[in-house]
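# Turn this into a model:
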Amino acid sequence: QVQLVESGGGLVQAGDSLRLSCAGSGPTFSSQRMGWFRQAPGKEREFVAGISWSGTYTTYSDSVKGRFTISRDNAKKTVYLQMNSLKVEDTANYYCAAQENSKLGAYKLPASYVYWGQGTQVTVSS
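Residues are numbered from 1 along each chain as shown. Modelled structure (predicted):
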């Protein structure tokens with residue numbers, strides 16, 4: 001069983017930066033694919049970024065590529081999302097998620113992830 005807790009959200013202005021953290025627990029966290037998703041009111045959950053268990057592979061949505069960076073520290077069982085040059089349209093509730101090693105799926109699909117955090121709100125004002 002994996003438990004995920006996000007932190008680091010807040011209210012910022014356009015152009016500012018934020019770093020989100022996702023603290024994990026459980027014996028398999030360090031070997032699991034991880035992803036960040038976001039969901040704005042009235043919209044579907046959207047893929048933001050994904051990272052392999054080792055951190056050597058990362059992937060991003062086109063809307064955040066070049067501005068956001070996903071990373072992980074397996075010794076600390078934490079995954080990070082560094083968000084730079086934030087835009088108003090980045091406003092959403094951000095979730096981290098973990099895949100089950102026995103059921104690996106595409107990074108971009110929410111259905112590939114078994115474990116989810118409770119989310120942290122990011123609000124970007126103009």
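# Now name the helix or strand holding residue 95.
Secondary structure from DSSP states H and E places residue 95 in strand 92-99.
# what does that strand rub up against?
2, 4, 6, 9, 20, 22, 24, 29, 32-40, 43, 45-46, 48, 79, 81, 105, 110, 112-122 (CB atoms under 8 Å, 6 or more residues apart in numbering). In short, each C-beta sits where N, CA and C put it, glycine included.
# Moving C-terminal from that strand, which element do we reach first?
strand 113-116.
# Return the alpha-carbon coordinates of that next one using PDB.
Taking C-alpha atoms only, strand 113-116 is exported to PDB below (Å, rounded to 0.1, in the frame of the first residue of the first chain):
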ATOM      1  CA  TYR A 113      -2.300   5.000 -11.700                       C
ATOM      2  CA  VAL A 114      -3.600   3.100  -8.700                       C
ATOM      3  CA  TYR A 115      -2.600   5.400  -5.800                       C
ATOM      4  CA  TRP A 116      -3.500   9.100  -5.600                       C
END
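# now that strand, how far from the chain's geometric center?
12 Å (CA atoms, centre = their mean, to the nearest Å).
# pLDDT of it, averaged?
Confidence over strand 113-116 (mean pLDDT, whole number) is 96.
# and that strand, which strands flank it?
strand 92-99 (antiparallel) (DSSP bridges).
# What is the end-to-end distance of stretch 49-62?
Taking CA to CA, to the nearest Å, stretch 49-62 runs 10 Å from one end to the other.
# list the buried ones in that stretch?
49, 50, 51, 53, 59, 60, 61 (16 or more other CB atoms under 10 Å).
# what's the closest non-adjacent residue to the most centrally placed residue in the chain?
Residue closest to the mean C-alpha point of the chain, counted by CA atoms, centre = their mean, is residue 36 at 2.0 Å. In space, and not counting its chain neighbours, residue 36 is closest to residue 48: 4.3 Å by CB to CB, 6 or more residues apart in numbering.
# Just say helix, strand or coil for that neighbour.
Following DSSP: H, G, I helix; E, B strand; the rest coil, we place residue 48 in the strand state.
# Quick check: residue 47 touching residue 105?
No - when contacts are counted by CB atoms under 8 Å, residue 47 is not listed as touching residue 105 (11.8 Å).
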